[in-house]
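Student: Turn this into a structure:
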Amino acid sequence: MFKKILIANRGEIAVRIARTCRDLGITSVAVYDASDVGSLHVRLADECVPLPDALGDTSGETFIAIARAAGAEAIHPGYGFLAEDPAFIRACDAAGLAFVGPPADVVELLRNKIATLARAAAAGFATPAHSERAFNADELDALREAAAQVGYPLVIKSCRGG
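Tutor: Below you'll find the model as predicted:
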């Protein structure tokens, strides 16, 4: 069990992680920018560290440096963004910090959501109706055509990452 975890996320997900850390007796370290000063995740965390710039720098290197300086043994990325970045996961490993989440090779395998849906369907699992390909912002006509084939209501989501 870890003694101290850096929460590399803010807002509601950071609140959930901080509460879980408290329940498990783990010291939580929250990050914040100027707009977060009175936020619940900042108030609940055992320790708080300001992000180094006014825009809330969210680079992986920044979180690794903060974790090291705070004496954290692990980084919990929350969801999205860093949680789906294999390079960040490998950087945590290289820095001697445990990454709370799946290993980089699993993230690489699953981050392409279209390919993941195809693998799940091939394994016999039910999957939602979806396009077999991704679309760029300049392919609106092709997207409309695919949407008509998939059917409505329709959810448009990034096929890679968050």
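Student: ok, and what's touching the longest helix anywhere in the chain?
Tutor: Longest helix in the chain by number of residues (criterion: DSSP state H): helix 12-24. For helix 12-24, the external contacting residues (Cβ atoms under 8 Å, 6 or more residues apart in numbering) are 1, 5, 7, 9, 27-28, 30, 40-41, 44-46, 76, 78-79. Just so you know, the C-beta spots here come from the backbone N, C-alpha and C atoms, and that holds for glycine as well.
Student: where along this protein do the helices fall?
Tutor: Here the chain has its helices, by DSSP H, at 12-24, 40-44, 60-70, 86-94, 104-110, 113-122, 140-150.
Student: Look up which residues are beta-bridged to residue 48.
Tutor: residue 30 (DSSP bridges).
Student: before we move on, the earlier item: max pairwise distance over the contacts of helix 12-24: which two?
Tutor: Within the contacts of helix 12-24, 1 and 40 form the most distant pair, 24.7 Å apart (Cβ to Cβ).
Student: Who has more neighbours out of these two?
Tutor: residue 40 (15 against 6; other Cβ atoms under 10 Å).
Student: so where is this protein shaky, pLDDT-wise?
Tutor: Judged by pLDDT under 70, the chain has its weakly predicted residues at 54-57, 160-162.
Student: Pull out the buried positions in the longest helix of the chain.
Tutor: Neighbour counts over helix 12-24 (16 or more other Cβ atoms under 10 Å) mark 13-18, 21 as buried.
Student: List the residues that contact residue 82.
Tutor: Applying Cβ under 8 Å, 6+ apart to residue 82 gives the contacts 8-9, 58, 60, 63, 88.
Student: is it true that residue 64 touches residue 99?
Tutor: No: the criterion here is Cβ atoms under 8 Å, and residue 64 misses it with residue 99 at 10.4 Å.
Student: what's the overlap in contacts for the two?
Tutor: Shared contacts of residue 64 and residue 99, defined by Cβ under 8 Å, 6+ apart, are found at 75, 92.
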